[in-house]
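In: Build me a model from this:
(chains A and B)
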Amino acid sequence: MRETMMKETSLIFETSQPGRQGYSLPPCDVPEIDLKQLLPEDYLRQTPPALPEVSELDTVRHFTRLSQLNYGLDSGFYPLGSCTMKYNPKVNEVISRFDGFLSIHPYQPEETVQGCLEIMFRLDKILSEITGMDRFSLQPAAGAHGELTGLLAIKAYHTHRGESKRTKIVIPDSAHGTNPASASMAGFDVVQVKSNSRGGVDLTSLREVMSDEIAGLMLTNPNTLGLFDENIKEIAEIIHKAGGLLYYDGANANAILGITRPGDMGFDVVHLNLHKTFGTPHGGGGPGSGPVGVKKDLIPFLPKPLVELRNGQYVLDDDLPLSLGKVRSFYGNFNVLIKAYSYLLSLGAEGLREISENAVLNANYLLHKLKKLFLLPYDRLCMHECVFSGLNHHDQGVAVLDIAKRLLDYGYHPPTIYFPLIVHEALMMEPTETESKETLDEFIETLYSIGEEIKNNPELVRTAPHTTPAQRPDEVGAARNPVVRWKPKIR
Amino acid sequence: MSRYIANTVNQQNKMLQEIGLNTLEDLFIDIPKEVRLKQNLELPKALAEMELVDHLKSLSRKNWSLEENACFLGAGVYDHFIPSVIDTLISRQEFYTAYTPYQPEISQGTLQAIFEFQTMMCELTGMDVANASMYDGASALAEAMLMACQATKRQEILVARTVHPESREVIRTYAAARGITMREIGYSNGSLDLKELESHITSTTAAILVQNPNFFGTIESLREIGEMAHSNKALFIVSADPISLGILKSPGELGADIVVGEGQSLGNPLSFGGPHLGFFCATQKLLRKMPGRIVGETKDKNGKRCFTLTIQAREQHIRREKATSNICSNHALNALTATIYLTILGKQGLQEVAYLCLQKAHYTLKQIESLKGFSPLFTAPFFKEFVVTTPISPEELNRKLLAAKIIGGYSLNKTYPELKNGWMIAVTEKRTKEEIDSLVQRVGGIR
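Out: Numbering: from 1, shown residues only, chains lettered A, B, ... in the order given. Below you'll find the model as predicted:
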């Protein structure tokens, strides 16, 4: 099997045979009219799009082979920091495929979609309780989309209060790149603040940038270093005193479930990534879901519509005159919402707390066992993930990139590397609660043996991987001379 | 211990001991006491798997599924046939549980599939380049608008009122945030009013945004609109129905600079409105200004062809506040669905689906317009959707049709109040003559 995987895989277009067909459609059962009588000739396509012509078996073999070139969560350990690659329960996949969920049109009369609306209504309540917020919009399609939505709610709030001069969003230097990118899309200017020696927000720097132009602060807590900012109450006070609002980037909320709540820390707006913390699959890059929760004062500004319960009937309310508008069509990634709802119901309050306890325990176990091998930029307890800074011993010219690539040969998905940007040679690991001590021990052992390889045979690591279907693609070349589509060879 | 947690209590204790802690509680000492939860969250109690399935099954039964009701509702989301191979293939864990393909060595499956998706989208739309997907058609249009404003360094856009009302709302939200002025251009006979467009376009217009076929199902005069845009150095943005591109001339051939659209029709279930996917294509010139992930072909260290995420210098994780967009996760699995759909349908199948929609929609209109009190609102050419006026309110009509297990058309009363009692009917290849005749018969019998 391994051997065949090493061969180049044909593109589906390259396996195409003119005249071959894999579909079947019933004959036209209505009286047919000549095309040219239905549409002006000038509207009609002369050359059909060059789509593949393949059989059903060709299709199945091709995509099965492609899947075999991938590494999924069910393939093995996936300690990708900041991505919360926990197990995606199968029952949620089954449930989300019920006809009564899949085959529902978003514009059907409300009385025919009561089940959908009930799930949305209940999920809003559950997420509100978990985060200490008053209301959620389930509309945003992903985490970054949630950030944009939350920031627009903050903007609408200030504008409504006659404070449109508040045009600045404060973001710590440890933040994800999406934070400043979202702030910019929402029309804000970004003010960056430094981190202190414990990895938290530097309070002095924060105080210095406060003014009546500050709209808010975007904060991840635990932050991207995997550390909980102990000064959170002071931070909240500084922002609120200046008239700003506090935004919680809850993309990775796996450490706080049933432990602490953004609402209790003083946050006004929160977004969550259901595809991280709440067990819905990542899909190889989406679809996700990024609901946004707010405190009472901000509810009127949420995207429309919201689901309400009136006289025993669930309804979609779009009579929200102060709403920030819509950020996408319809009501959200409903099919992802079902999976998260199902996940939450399978756990309950105690189950959720156990998730965070075990996620944090697993991360600290890795941190503790690996600190002899890697430098630890902040030697303190971590939350759901831990961040190292390159090798503890002489690196022999081996970069963390090489270590990541060598892990591929051992059958692991590597940790996140070179993020957060403020850590030199960053190596960020998030084991999640669904992994066992045995899995962690094996992983730790593997890393130590790679450490030995670096001492004895650094070249082996520097040139890794040696066993994967592709090895060190030329990324620079790809970006310099972009080829982003296939074209038939000219004969 | 709750479901999905692997460590036993014994293992937990061993691990705590190694770390040098006594209890799980000690892991959280960095969290100030005053913000620690003192009691359990108030949540519904945990359900065992069979209780969970029963609960969700009963919720799903409160919905009226299109499997049991004939659907003539469209308005942006369509009940097309979905071949069985799709779910079989996208249910492979290597596809659906994987992360974004950051590690190309072990993500060639996702990367190559996206490369094939990009190729297919370019073929359909007649454009040079495509990205890996967007959230949906509406947000893709909004991102196209932002890109056009950046590319032209202009801050005003003209949007046809024949663009989907929800898309226009999304564009309005995105435009307002960036201080972009959005003007809506009206319609006549169900398509963009070219005279009104001409009187509004100026040298400050960044782009003209249209949808084709438009919200009413009518086919727009893309060539003329494109020429008008270009003579004012504005960009021409088209949101296209990908199924229609099986028989309609591509927007690329007609002068579009950016072509986006809603890709739900390509094998994705309706799912109460999401997740679907947006596609995003452009001319070569605009490649480096595009939002979102792009996959490129390259060679690995052994000279073998492979694929990788590329031109990442546009993206948020590198450019931060200067990125072309904040999008990271897109709708990769839905794009994979679309890729498999277009593979199995292929060159011939897509044309055939489009042809069936076209014939059946025209047959349906012919039958309905023969009924007393019903008449088409527009006479312009249309594809799979059309608008008629009804003698009673469309809402009431739809309610009566429900009793016959028919999901009726979209009422324009709320979004286009000037088209009083406008009823928009969509007919896909899935609707049989029997279902169409039954609709017509029921409608004819209602007074």
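
In: Let's test this: name the helix or strand in chain B with the lowest mean pLDDT.
Out: One helix or strand of chain B scores below all others by mean pLDDT, DSSP states H and E: helix B:316-319, with a mean of 85.

In: which residues are contacting it?
Out: A:144, A:176-178, A:180-181, A:419, B:312-313, B:323, B:325-328 (C-beta atoms under 8 Å, 6 or more residues apart in numbering or on different chains). Any C-beta I mention is one placed from the backbone N, CA and C, and that applies to glycine too.

In: Is the longest helix anywhere in chain B positioned near chain A?
Out: Ranked by residue count and defined by DSSP state H, the top helix of chain B is helix B:332-369. Yes - counting by C-beta under 8 Å from any C-beta of the partner chain, chain A has neighbours in helix B:332-369: B:332-334, B:336, B:340, B:342-353, B:355-356, B:358-360, B:362-363.

In: my guess is B:Lys304 meets A:Ala470, correct?
Out: Yes - using C-beta atoms under 8 Å as the test, B:Lys304 is close enough to A:Ala470 to be in contact (6.8 Å).

In: quick one: low-confidence parts of the chain?
Out: Answering for chain A, as no chain was given. A:1-4, A:490-491 (pLDDT under 70).

In: wrong chain, I was asking about chain B
Out: By pLDDT under 70, the low-scoring segments of chain B are B:447.

In: if you set the cut-off to 90 instead, what comes out?
Out: Scanning chain B for pLDDT under 90 picks out B:1-3, B:313-322, B:446-447.

In: Quickly list the domain ranges of the chain.
Out: No chain was given, so I picked chain A. With domains defined by automatic domain parsing, chain A comprises A:2-68, A:91-346, A:354-477.

In: Switch to chain B, please.
Out: B:70-81+B:347-445, B:84-340.

In: Of the ones you listed, give the one that comes closest to A:Arg65.
Out: Of all the domains of chain B, domain B:84-340 sits nearest to A:Arg65, with 7.9 Å by C-beta to C-beta.

In: My read is that B:His276 contacts B:Gly267, right?
Out: No - with contact defined as C-beta under 8 Å, B:His276 does not count as touching B:Gly267 (10.5 Å).

In: out of these two, which sits in the busier spot?
Out: B:His276 (33 against 25; other C-beta atoms under 10 Å in any protein chain shown).

In: show me what contacts that one?
Out: A:329, B:77, B:136-137, B:262-264, B:268, B:331, B:334.

In: 6 Å instead, please
Out: B:136, B:264, B:268 (C-beta atoms under 6 Å, 6 or more residues apart in numbering or on different chains).

In: Next one: the second one from B:Lys366, what distance?
Out: As for B:Gln264, its distance to B:Lys366 is 27 Å (criterion: C-beta to C-beta, to the nearest Å).

In: Of those two, which one has the most company?
Out: B:Gln264 (28 against 14).

In: hey, which strand is longest across chain B?
Out: Looking across chain B with DSSP state E, the single longest strand is strand B:205-212.

In: after that one, next one along is what?
Out: Next helix or strand after strand B:205-212 toward the C-terminus (DSSP states H and E): helix B:222-231.

In: next one: that next one to chain centre, how far?
Out: On the basis of C-alpha atoms, centre = their mean, to the nearest Å, helix B:222-231 sits 25 Å off its chain's mean C-alpha point.

In: And stretch A:458-465, by the same measure?
Out: Between the centre of stretch A:458-465 and the centre of its host chain there is 31 Å, according to C-alpha atoms, centre = their mean.

In: got the buried residues for the least confident helix or strand of chain B?
Out: B:316-317, B:319 (16 or more other C-beta atoms under 10 Å in any protein chain shown).

In: just stretch A:230-238 next, same as before
Out: For stretch A:230-238, by 16+ other C-beta under 10 Å, it's A:230-232, A:234-236, A:238.

In: same thing with stretch A:338-347?
Out: Those would be A:338-347, for stretch A:338-347 by 16+ other C-beta under 10 Å.

In: which stretches of the stretch 101-250 of chain A form strands?
Out: In the stretch 101-250 of chain A, the strands defined using DSSP state E, counting those that start in this stretch lie at A:135-137, A:168-172, A:189-193, A:214-219, A:245-250.

In: Could you identify which of those is most buried?
Out: Counting by mean count of other C-beta atoms under 10 Å in any protein chain shown, strand A:245-250 has the highest mean neighbour count of those, with a mean of 28.

In: any idea which helix or strand comes after that one?
Out: From strand A:245-250, the next helix or strand downstream (DSSP H and E) is helix A:262-265.

In: Now tell me what touches the following helix or strand past that following helix from outside.
Out: Counting by DSSP H and E, the next helix or strand C-terminal to helix A:262-265 is strand A:269-272. Residues outside strand A:269-272 that contact it (C-beta under 6 Å, 6+ apart): A:131, A:133, A:146-147, A:150, A:247-248, A:250, A:253, A:262, A:290-294.

In: ok, so of the buried residues of stretch A:338-347, who is nearest A:Gly162?
Out: Proximity of the buried residues of stretch A:338-347 to A:Gly162 (C-beta to C-beta) peaks at A:Ala340, which lies at 37.7 Å.

In: Is that closest one part of a helix or strand, or is it coil?
Out: helix (DSSP: H, G, I helix; E, B strand; the rest coil).

In: Can you add distance to A:Glu8 and give the buried residues of stretch A:338-347 back as a markdown table?
Out: Compiled in a markdown table, the buried residues of stretch A:338-347 are given as follows (distance: C-beta to C-beta, whole Å):
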| residue | distance to A:Glu8 |
| --- | --- |
| A:Ile338 | 39 |
| A:Lys339 | 36 |
| A:Ala340 | 39 |
| A:Tyr341 | 43 |
| A:Ser342 | 41 |
| A:Tyr343 | 39 |
| A:Leu344 | 44 |
| A:Leu345 | 46 |
| A:Ser346 | 43 |
| A:Leu347 | 44 |
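
In: Quick one: name the residues of the stretch 151-300 of chain B near chain A.
Out: B:166, B:169-170, B:172-173, B:177-178, B:219, B:247-249, B:269-275, B:294, B:296-300 (C-beta under 6 Å from any C-beta of the partner chain).

In: cutoff 8 Å now
Out: Residues of the stretch 151-300 of chain B lying close to chain A by C-beta under 8 Å from any C-beta are B:164, B:166-167, B:169-170, B:172-174, B:176-179, B:219, B:245-250, B:262, B:269-277, B:287, B:293-300.

In: How about residue 229, nearest residue that isn't a chain neighbour?
Out: With no chain named, the answer covers chain A. A:Gly200 (4.0 Å; C-beta to C-beta, 6 or more residues apart in numbering or on different chains).

In: actually chain B
Out: B:Phe236 (4.0 Å).

In: Can you tell me the SS state at residue 78?
Out: Let's take chain A. At A:Tyr78, secondary structure determined by three-state DSSP is coil.

In: Not counting sequence-adjacent ones, nearest residue to it?
Out: Closest to A:Tyr78 by C-beta to C-beta, 6+ apart is A:Met85, at 3.8 Å.

In: follow-up on the earlier one: looking at the buried residues of stretch A:230-238, spot the one nearest A:His466.
Out: A:Glu230 (44.6 Å).

In: Please work out how many residues are found near A:Thr463.
Out: The tally of other residues near A:Thr463 (other C-beta under 10 Å) stands at 14.

In: Repeat that for the one 3 residues further on.
Out: When counting by other C-beta under 10 Å, one arrives at 11 neighbours for A:His466.

In: One more: B:Thr152?
Out: Neighbour number of B:Thr152 under other C-beta under 10 Å is 18.

In: thinking again about what came up before, need the strands of the stretch 101-250 of chain A in TSV (columns: distance to chain B).
Out: Shown next, in TSV, are those (distance: least, C-beta to the nearest C-beta, whole Å):
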stretch	distance to chain B
strand A:135-137	13
strand A:168-172	9
strand A:189-193	5
strand A:214-219	12
strand A:245-250	12
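
In: ok, how many other residues are close to residue 158?
Out: All of this refers to chain A. Residues lying near A:His158 (other C-beta under 10 Å) number 20.

In: sorry, should have said chain B
Out: 27.
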